[in-house]
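> Predicted model and sequence follow; I will ask about them next.
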Amino acid sequence: MKLLISLFAFLPAMSFATVVIRPSVNEGFFVCNAGIAHKVSTGTSCVNQLTGLACTSSDESSCVCSDSTAGDDSLAASWEDLTVAASSSMRFRSNIIASSASGDFTSLFTDLNAWSNQVNEVQINSSSETYGTKYFIDFCYQGPIENIVKKKDNSEGIYTLTAGINAQNLANGSSYAADSNLAMNLAVNCDLRNVGKNKDPRNSNQFAPEGSILESDVDFTTTGYPRANSLSLSQRINGQVKLVPRFCVVRATFAEMANTTSVKVRPNNETPTEFTIDLDITNGSAF
């Protein structure tokens with residue numbers, strides 16, 4: 001099963017990220033949560049955009065003064081509430097959430113509620129004057145059910161997660177990934193059969209972990225360093241064929257790191273950027 005996600009970031013004055021989702025029908029990934037953050041320090045600062053050093057005179061062409069509290073970042077989303085009948089108009093919801101100045105993520109849902117919602121569209125709007133925005137997309141994974149054929153469970157095997165994020169400029173101009181010092185991160189957590197508290201295979205009527213709490217039997221992460229245009233990951237989830245993944249959560253996080261050492265304002269000539277997230281979990285031949 002393969003899922004492709006495309007994120008489009010349009011700058012400078014406002015950035016928009018549109019997420020297109022192609023989920024599998026029986027088992028696999030669906031987008032189940034998203035969030036945004038932007039830690040803000042109050043006050044006005046002046047920084048030389050060539051050297052990154054503080055400057056005292058706006059007479060210098062490269063000295064830019066900005067109010068770190070100017071502008072804001074928000075995340076707009078539409079989703080389906082999976083606890084409501086498909087025929088009900090109440091199944092389809094939407095909301096807009098604002099980033100928190102504390103730097104903590106503001107999320108669409110709590111971890112407990114994420115499994116009950118399938119996100120269909122996300123739009124990230126960044127009108128903050130300075131870099132520092134972070135945003136994430138969560139993918140929930142429902143593992144295979146038992147598939148017994150002639151006393152053999154064909155769902156057993158060695159499962160491998162392959163993932164990739166790629167950024168591509170859609171026009172000529174300043175690169176958003178480079179100018180924002182963008183960092184990418186993929187974090188994976190999975191609940192396995194025959195490990196921990198929940199050992200039984202997922203059944204066909206089970207769409208979320210017990211109590212919607214994911215038991216983390218295995219976890220791993222990889223990071224694309226600042227100015228990253230791509231990130232890839234290929235990792236075995238289980239080392240034994242009977243330790244089949246029951247449920248997983250994969251979080252893709254993007255962070256503008258340009259303000260790590262000094263304040264940097266968004267330029268006026270950045271081009272639209274497309275991010276493609278490619279996720280796949282496959283069962284290799286184990287017998």
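That came through, no problem.
> Any idea which helix or strand in the chain has the lowest mean pLDDT?
The weakest-scoring helix or strand in the chain, judged by mean pLDDT, DSSP states H and E, is strand 2-9 (a mean of 53).
> Over to Gly157: give its phi and psi.
phi 160, psi -180 (degrees, to the nearest 10).
> Verify the contact between it and Gln240 for me.
No: using Cβ atoms under 8 Å, Gly157 makes no contact with Gln240, being 10.0 Å away. Every C-beta, even on glycine, is put in place using the N, C-alpha and C of the backbone.
> And those two? Which one has more around it.
Between Gly157 and Gln240, counting by other Cβ atoms under 10 Å, Gly157 is the more crowded of the two (18 against 13).
> Look up how far Pro209 lies from the more buried one.
Gly157 sits at a distance of 21 Å from Pro209 (criterion: Cβ to Cβ, to the nearest Å).
> next one: Ala228
For Ala228, the distance to Pro209 equals 31 Å [Cβ to Cβ].
> shaky segments in this protein?
1-27, 41-44, 49, 52, 57-61, 66-71, 260-263, 268-271, 285-287 (pLDDT under 70).
> care to break the protein down by domain?
2-39+71-284, 44-70 (automatic domain parsing).
> Could I get the full set of strands for the stretch 101-250 of the chain?
106-107, 117-126, 133-142, 148-149, 152-153, 158-169, 182-192, 218-224, 230-236, 245-256 (DSSP state E, counting those that start in this stretch).
> Walk me through which strands the fourth one pairs with, and which way each runs.
For strand 148-149, sheet partners with direction are given as strand 152-153 (antiparallel), following DSSP bridges.
> Report the distance from the partner strand to the chain centre.
From the chain centre to the centre of strand 152-153 is a distance of 35 Å (Cα atoms, centre = their mean, to the nearest Å).
> what do you get for stretch 86-104?
That offset, for stretch 86-104, works out to 16 Å (Cα atoms, centre = their mean).
> now do stretch 145-159
The answer for stretch 145-159 is 31 Å, by Cα atoms, centre = their mean.
> what about it, start to end distance?
End-to-end distance of stretch 145-159 (Cα to Cα, to the nearest Å): 14 Å.
> Let me know the distance separating the residue most central in space within the chain from Leu214.
With distances taken as Cα atoms, centre = their mean, Ile137 lies nearest the centre of the chain, 2.4 Å away. Remark: distance between Ile137 and Leu214 (Cβ to Cβ) = 16 Å.
> what's the neighbour count on Glu146?
Using other Cβ under 10 Å, Glu146 has 15 other residues around it.
> Repeat that for Phe29.
When neighbours are counted by other Cβ under 10 Å, Phe29 registers 23.
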